[in-house]
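1. kindly return the folded structure for what I paste below:
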Amino acid sequence: MAEVKLTKNELRAQQTKLKQLQRYLPTLQLKKALLQAEVQQAKSVLAEIEQKRQNLHEDVEEYARLFPIMDFPSLEQTVQIDQINKHYENIAGVEIPVFDGVSFLPLKYHLLDSPIWMDAAIDGLHKLIEANQHLIIERKKVELLQKELREVSIRVNLFEKILIPRSILNIKKIKVFLGDQQLAAVAQAKVAKMKIEQSREVACA
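-> Residues are numbered from 1 along each chain as shown. Model prediction:
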């Protein structure tokens, strides 16, 4: 850290810097609080999706066991993804992906030649795939929010524990030095005045 200059100009510079830091800190603290709330909410949603995915996976497994018996291709081969739909939202200055759903390619199978549970199996697999994709995007959302929260927390700590205390200390140090200088100047002026008066008294004697 560079040694602070003990001058009036430096005092004004340090006072201006302190005001700027103190003015910006509440904004950072507010952003940190907002990100903390967003992270908690995103984690809660993530846990719900993970549970939903687990339930769907168990349901689909029941149908998957029937496919070899019916001489069908695997359930996964029956359904193909066309497009994963998502958009982005700005949350506390971070671009966050938001899951909108999954589009699937049209199915090619003969309804009359298929078992009655085929539609239910396909629907279950659609939901499972959607849950998987939703999970991927929600995990990315949590990752991005946590990354931003870490960075903002570092900046808040930097302001609270280093930059602001340092500026306050520098201001105090400069004021003490300038005050001492002023007292010394006053003392010197008194001594000089006393010497002048003594000289006059000698001259008049």
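
2. can you count the residues close to residue 138?
-> 21 (other CB atoms under 10 Å). Placement of C-beta: from N, CA and C, glycine included.

3. in contact with residue 167, which residues?
-> Contact partners of residue 167, counting by CB atoms under 8 Å, 6 or more residues apart in numbering, are 14, 17-18, 21.

4. again, 6 Å this time
-> By CB atoms under 6 Å, 6 or more residues apart in numbering, the contact list for residue 167 reads 14, 17-18.

5. what's the helix or strand for it?
-> helix 164-204 (DSSP states H and E).

6. likewise for residue 87?
-> Here residue 87 is assigned to strand 81-91, by DSSP H and E.

7. how about the contacts made by residue 100?
-> Counted by CB under 6 Å, 6+ apart, residue 100 has contacts 85-86.

8. now it: how far from residue 6?
-> 61 Å (CB to CB, to the nearest Å).

9. would you quantify the distance from residue 15 to residue 158?
-> As judged by CB to CB, residue 15 and residue 158 stand 20 Å apart.

10. please apply the same query to residue 141.
-> Relative to residue 158, and taking CB to CB, residue 141 is found at 26 Å.

11. quick check on these two: which one has the bigger neighbour count.
-> Each of residue 141 and residue 158 has its neighbours counted (other CB under 10 Å); residue 141 has more, 24 against 13.

12. any stretches of the chain with poor pLDDT?
-> 1-2, 63-78, 108-116, 185-187, 189, 191-193, 195-205 (pLDDT under 70).

13. strands of that one, start to end?
-> Using DSSP state E, the strands of the chain run over residues 81-91, 94-104.

14. most tightly packed of those strands?
-> By mean neighbour count, with neighbours taken as mean count of other CB atoms under 10 Å, strand 94-104 ranks first of the strands of the chain at a mean of 15.

15. got the CA positions of it in PDB?
-> Extracted C-alpha coordinates of strand 94-104, given in PDB (Å, rounded to 0.1, in the frame of the first residue of the first chain):
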ATOM      1  CA  VAL A  94     -26.700 -11.700 -14.400                       C
ATOM      2  CA  GLU A  95     -28.100 -13.200 -17.600                       C
ATOM      3  CA  ILE A  96     -30.000 -16.400 -16.300                       C
ATOM      4  CA  PRO A  97     -31.400 -19.200 -18.600                       C
ATOM      5  CA  VAL A  98     -35.100 -19.900 -18.100                       C
ATOM      6  CA  PHE A  99     -36.500 -23.300 -19.200                       C
ATOM      7  CA  ASP A 100     -39.500 -23.100 -21.500                       C
ATOM      8  CA  GLY A 101     -40.000 -26.700 -22.500                       C
ATOM      9  CA  VAL A 102     -38.900 -29.300 -25.000                       C
ATOM     10  CA  SER A 103     -40.200 -29.900 -28.600                       C
ATOM     11  CA  PHE A 104     -40.100 -33.500 -29.900                       C
END
